[in-house]
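Colleague: pasting the sequence and the predicted model now:
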Amino acid sequence: MIKKTIWTALLGLSLTTQALTLDEALAKALEQSPALRAARAEAQAANEGVGLSTLWQNPELEVEAEGLGGDNNGTDVAEYSAMISQKFPMFGKSGKRRAVAQKVFEASEYAVLEAQLELAVQVRAAFAEALAQQEIAVIRDQQEKLAREFFEVAEKRHEEGGASELEVVQAELTLEEVLMEKQCCFGDLDAAKKLLASLMGVSVDEVGVPEGNFYDLEGLEDVQIDDAHPTLQRLRAQEEMTRAEATVARSRAVPDFSIGAGVKYEAADEAQSFVVAASIPLPFWNRGGAEGAAVLLRADAVSAYREQAQRDLQQQLDRTVQAYRSAGAEAVQYRTRILPKAEQAYALSRKGYDAGRYSWMELLSAQQNLAGTRIRTVEAVLAARKALAELSKFQ
């Protein structure tokens with residue numbers, strides 16, 4: 001048998017811990033999430049890439065020496081030259097590369113928003129689970145008190161000759177079952193708090209006691225997936241990035257122009273001259289057009305992925321809305337109709353048992369039915385709250 005004092009001490013310890021609201025849990029999770037830090041770092045790197053995309057290539061320094069050591073006649077005919085050359089991108093290539101980098105940055109920003117939404121869903125669901133397990137713990141605690149009271153009453157009545165030994169054994173068995181269920185309940189509550197602590201990036205001791213109106217469910221109107229959803233926006237940015245890459249590929253048909261300047265020294269005449277050079281590749285074989293066409297096909301593929309993603313998101317949203325409405329309706333049914341009847345049945349059975357009209361088994365059955373109904377009510381509300389948490393990523 002689990003000692004009552006152990007559970008009371010643990011419950012008392014939790015009650016002295018600082019309360020935790022959902023907003024506090026969300027803020028802490030968003031602050032401590034490694035996945036979010038990684039996504040933000042990727043976005044910062046992409047932002048740096050926007051500025052780097054327009055930088056020209058570094059100039060080149062070329063040094064050349066000919067005729068070192070003189071000719072066969074011993075005449076010094078050495079020639080030395082030094083030249084600096086710079087390549088100039090043509091056809092607006094710098095701007096086109098910047099357009100690609102800008103879309104990469106936009107896609108990374110939407111990826112950050114997606115990560116935030118997904119994390120918020122997990123925190124909301126974990127917070128609801130913790131609240132539900134706390135509610136069940138209260139129910140089990142009350143159930144234990146009643147079971148102990150029944151056991152004490154059965155023992156007293158047996159001593160007075162008003163109850164059989166079977167009733168005492170049944171009361172003790174019921175108490176043992178309640179204590180076992182309470183132990184499982186405590187384990188579930190501990191697991192829920194550990195999950196919440198992991199999402200928040202803190203220890204279990206720092207979580208505190210989740211606090212909120214667990215039974216208050218929100219109304220829900222018909223909703224549709226908005227084009228501004230981060231997933232769709234990210235895919236749109238990827239599509240635009242791919243089309244920008246196709247423009248960059250086509251621009252390769254226009255070669256870059258290089259110009260250089262330097263000096264040349266001829267040892268034989270001790271003459272120094274200024275040298276200018278220019279070069280441009282001859283576009284005999286142009287791969288830019290074919291490469292650009294291939295990239296455009298990838299852009300069409302991304303566009304199709306985005307369209308499919310919108311359909312998938314809408315289907316997920318519809319299923320989640322239906323799950324929320326079904327669980328919410330079940331929770332309302334339990335709270336407004338079934339639970340009051342279970343409470344009334346228990347009250348009547350307790351009154352009838354005290355008056356000697358009902359048997360111990362009838363009282364026990366009513367008490368167990370009340371506890372089970374209260375727990376099923378909590379489970380229905382939890383299912384609705386988890387669906388509501390899932391809905392938050394579609395808004």
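Modeller: Yep, it's here. Numbering: from 1, shown residues only.
Colleague: so, low pLDDT: which residues of the stretch 151-300 of the chain?
Modeller: 267-268, 283-288 (pLDDT under 70).
Colleague: would you list every one of the strands in it?
Modeller: Here the stretch 151-300 of the chain has its strands, by DSSP state E, counting those that start in this stretch, at 209-210, 257-266, 271-279.
Colleague: which of those strands sits most buried?
Modeller: Mean neighbours per residue, mean count of other Cβ atoms under 10 Å, is largest over those for strand 209-210, with a mean of 20. All C-beta spots, glycine's among them, are computed from the backbone N, C-alpha and C.
Colleague: from the chain's centre, how far out does that strand sit?
Modeller: Between the centre of strand 209-210 and the centre of its chain there are 22 Å (Cα atoms, centre = their mean, to the nearest Å).
Colleague: okay if I get the strands of the stretch 151-300 of the chain as a markdown table plus distance to Gly201?
Modeller: Below are the strands of the stretch 151-300 of the chain laid out as a markdown table (distance: least, Cβ to Cβ, whole Å):
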| stretch | distance to Gly201 |
| --- | --- |
| strand 209-210 | 16 |
| strand 257-266 | 53 |
| strand 271-279 | 57 |
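Colleague: which one of the ones you listed lies nearest to Glu221?
Modeller: Glu221 lies closest to strand 209-210 among these, at 27.8 Å (Cβ to Cβ).
Colleague: which helices and strands does that closest one pack with?
Modeller: strand 19-20, helix 93-159 (3 or more Cβ pairs under 8 Å, 6 or more residues apart in numbering; DSSP states H and E).
Colleague: what do you get if the cut-off is 10 Å, keeping everything else the same?
Modeller: strand 19-20, helix 22-32, helix 93-159, helix 165-200 (3 or more Cβ pairs under 10 Å, 6 or more residues apart in numbering; DSSP states H and E).
Colleague: so what strands line up beside the first one?
Modeller: Taking DSSP bridges as the criterion, strand 19-20 pairs within the sheet with strand 209-210 (parallel).
Colleague: ok, the closest residue to Val248 other than its chain neighbours to Ala249 distance?
Modeller: Once flanking residues are discounted, Val248 sits nearest to Lys96: 4.7 Å by Cβ to Cβ, 6 or more residues apart in numbering. Distance check for Lys96 against Ala249: by Cβ to Cβ, to the nearest Å, it reads 9 Å.
Colleague: likewise Tyr80?
Modeller: In terms of Cβ to Cβ, Tyr80 sits 41 Å off from Ala249.
Colleague: for Gly356, see how far away Ala125 is.
Modeller: For Ala125, the distance to Gly356 - Cβ to Cβ - is 49 Å.
Colleague: more neighbours: those two, which one.
Modeller: Ala125 (21 against 8; other Cβ atoms under 10 Å).
Colleague: contacting residues for the more buried one?
Modeller: 195-196, 199, 382, 385-390, 392 (Cβ atoms under 10 Å, 6 or more residues apart in numbering).
Colleague: again, but for Thr231
Modeller: 110-111, 113-114, 117, 225, 306, 309-310, 312-313, 393-394.
Colleague: and with 8 Å instead?
Modeller: 110, 114, 309, 313 (Cβ atoms under 8 Å, 6 or more residues apart in numbering).
Colleague: ranking those residues by neighbours, who comes first?
Modeller: Tyr110 (22 neighbours).
Colleague: burial check on the residue lying closest to it once chain neighbours are set aside, number of neighbours?
Modeller: Take Tyr110 and drop its neighbours on the chain: the residue closest to it by Cβ to Cβ, 6+ apart is Arg234, 3.6 Å away. Counted by other Cβ under 10 Å, the residues lying close to Arg234 total 21.
Colleague: isn't Arg234 right next to Ala107, touching?
Modeller: Yes - contact criterion Cβ atoms under 8 Å: Arg234 and Ala107 qualify, at 5.1 Å.
Colleague: could you tell me whether Phe91 really is in a strand?
Modeller: No - with DSSP: H, G, I helix; E, B strand; the rest coil as the criterion, Phe91 is assigned coil and is not in a strand.
Colleague: that one - how many residues pack around it?
Modeller: Neighbours of Phe91 using other Cβ under 10 Å come to 15.
Colleague: likewise for Asp23?
Modeller: 9.
Colleague: tell me the secondary structure at Trp56.
Modeller: coil.
Colleague: that one: what's it in contact with?
Modeller: Per Cβ under 8 Å, 6+ apart, neighbours of Trp56: 86-89, 94.
Colleague: ditto for Phe91
Modeller: Contacts of Phe91 (Cβ under 8 Å, 6+ apart): 251, 254.
Colleague: angle of the host helix or strand of Arg37 against helix 22-32?
Modeller: Assessed by DSSP states H and E, Arg37 sits inside helix 34-52. Relative orientation of helix 34-52 versus helix 22-32 (axes from the mean of the first three to the mean of the last three Cα atoms, to 10 degrees): 50 degrees.
Colleague: what comes up buried for helix 34-52?
Modeller: For helix 34-52, the buried set under the neighbour-count rule, 16 or more other Cβ atoms under 10 Å, comprises 36, 39-40, 42-43, 46, 49-50.
Colleague: of those, which is the nearest to Leu61?
Modeller: The closest of the buried residues of helix 34-52, once distances to Leu61 are taken by Cβ to Cβ, is Gly49, at 27.3 Å.
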